[in-house]
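**Student:** need a 3D model of the following:
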Amino acid sequence: MSGEQKAPYGAPTEATAAMRLSLICEPGDVRMHEAVARHGADGVLEACISGAPLDDEFPKPSWSQRAAELDRLCDAALAAAARVGMRWVEPGYDEWPDRLGALDNGEPVNAVGGAPLGLWVRGPVRLDEATDRAVAIVGARAATTYGNQVAGDIAAEVAVDGCTVISGGAFGIDVAAHRGALAVRKSTVAVLACGADVVYPRAHANVLARIADTGLLVSEQPPGQTPMRSRFLTRNRLIAALTRGTVVIEAARRSGALNTLNWALRCGRVAMGVPGPVTSRASVGVHHAIRTGGVVLVTRSQEVLEAIESVGTVDATLPWVPPTGTDRLSVSALRIFEQVPAGAAVSSAEIAQRVPCRPDEVRLALGALADAGFVVADGDTWRAIRPERRADLS
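**Tutor:** Numbering: from 1, shown residues only. Sure thing, here's the model as predicted:
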């Protein structure tokens, strides 16, 4: 990872009550969220330190145990933040993104939910500004070449249009999305399941360093924390809430990316899915999500932008294609025209036999086709006129 980062705000020198609470419980624990909502961060912190009960449920014994070593935890977190130029951002701070408040209104999933107590942020961009117009692009870790290309293309194009690309920094679709934004020299945000000072995956050290230099590394986890499966699921709600919409590209039937999609729906965000080949197991989950409703099918960046912007702001309708001459023919006339060769001429009787159709109907249709410039008569035989020589029918 690169050296110390310059940020709008310096690394914290003192721990707030919210920061202290974040060090004594697992981030995303809905019980802590409920306790703070009832008693305030200061009240819950005081109870955790003293062990005095707030009510029948709070504080939890595990919180009080962690509170016993709170001074050491705070010192370690502040020191780690200072080493890499990381800052703590919580509700009420200037750069706190209000859109995270949507998590307070959604139903928890497996005892995980609610807006975070705060976030550890690393990078030169303001968190609120970076997430004001943002799109999440997530998907399979074991992505296919198709998935990686689509993720990179969509990320680059929405980034050029002014959207911040947010993903999780993982293998596969996540890193393809980050690289797509970086390729067009735009900032991107990685929401991590570990501390924002931890390089994970190690293989992405260079990409994470570039994100820290030009965008943001964000985590609900304190500095130094390592990733665990449950923490990936916990951070997914942040990815969904920080954006206007989430695009899933490749997800198996059971996939963490679908968890992010579900959080997007819970937060009232636009949920989008990119279809893959119907034979691809990597896209089964995406196809099921689209089929069962609530998820918008998108195939390109303009469709993503149309979905997340105000109605009428972006029009992703495909360009009008003018009809060809044969598009104007009736089914019966087209069937007859298709039997007229452009080379050697053939008789109307032979055409009637090929269709098959009554000779008088064929002669009548050939006359109309000749008037429209599709065929030309040569005695009692007919041949088709090549497109470049056909009369302009418009």
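**Student:** low pLDDT regions in the stretch 201-350 of the chain?
**Tutor:** Counting by pLDDT under 70, the stretch 201-350 of the chain contains low-confidence residues at 311-312, 320-321, 323-324.
**Student:** before we move on, what about the stretch 1-150 of the chain?
**Tutor:** 1-9.
**Student:** so where do the helices sit in it?
**Tutor:** Assigned by DSSP state H, counting those that start in this stretch, the stretch 1-150 of the chain shows helices spanning 17-24, 30-50, 61-67, 70-84, 127-130, 145-160.
**Student:** in the fifth one, which residues are buried?
**Tutor:** Using 16 or more other Cβ atoms under 10 Å as the burial criterion, the residues of helix 127-130 that qualify are 127-128, 130. Bear in mind the C-beta positions are built from the backbone N, C-alpha and C, glycine included.
**Student:** got the domain ranges for this structure?
**Tutor:** Per the record, the chain has its domains at 85-308, 325-389, by automatic domain parsing.
**Student:** how about a markdown table for those, with distance to residue 48 added?
**Tutor:** Shown next, in a markdown table, are those (distance: least, Cβ to Cβ, whole Å):
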| stretch | distance to residue 48 |
| --- | --- |
| domain 85-308 | 13 |
| domain 325-389 | 73 |
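**Student:** could the buried residues of helix 127-130 be laid out in JSON lines, adding distance to residue 150?
**Tutor:** Output for those, formatted as JSON lines (distance: Cβ to Cβ, whole Å):
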{"residue": "127", "distance to residue 150": "28"}
{"residue": "128", "distance to residue 150": "29"}
{"residue": "130", "distance to residue 150": "23"}
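**Student:** looking at these, which is nearest residue 279?
**Tutor:** Checking the buried residues of helix 127-130 against residue 279 by Cβ to Cβ gives residue 130 as the nearest, at 38.1 Å.
**Student:** re the thing from before, for residue 385, which of the helices of the stretch 1-150 of the chain is the nearest?
**Tutor:** helix 145-160 (41.6 Å).
**Student:** the closest one: which residues count as buried?
**Tutor:** Buried-residue list, helix 145-160, by 16+ other Cβ under 10 Å: 146-148, 150-159.
**Student:** please save the CA atoms from that helix in CSV.
**Tutor:** Taking Å, rounded to 0.1, in the frame of the first residue of the first chain, the C-alpha atoms of helix 145-160 are listed here in CSV:
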residue,chain,number,x,y,z
THR,A,145,-14.1,-13.4,-19.3
TYR,A,146,-17.5,-12.1,-20.4
GLY,A,147,-18.4,-10.9,-16.9
ASN,A,148,-15.1,-9.1,-16.4
GLN,A,149,-15.3,-7.3,-19.7
VAL,A,150,-18.9,-6.2,-19.2
ALA,A,151,-18.1,-5.0,-15.6
GLY,A,152,-15.0,-3.0,-16.8
ASP,A,153,-16.9,-1.5,-19.8
ILE,A,154,-19.9,-0.4,-17.7
ALA,A,155,-17.7,0.9,-14.9
ALA,A,156,-15.6,3.0,-17.3
GLU,A,157,-18.6,4.4,-19.1
VAL,A,158,-20.6,5.4,-16.0
ALA,A,159,-17.4,6.9,-14.5
VAL,A,160,-16.9,9.1,-17.6
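**Student:** just give me how far it sits from the chain centre.
**Tutor:** 10 Å (Cα atoms, centre = their mean, to the nearest Å).
**Student:** same check, this time on stretch 360-371
**Tutor:** 56 Å.
**Student:** in that stretch, what's buried?
**Tutor:** Quick answer for stretch 360-371 (16+ other Cβ under 10 Å): 362, 365-366, 369.
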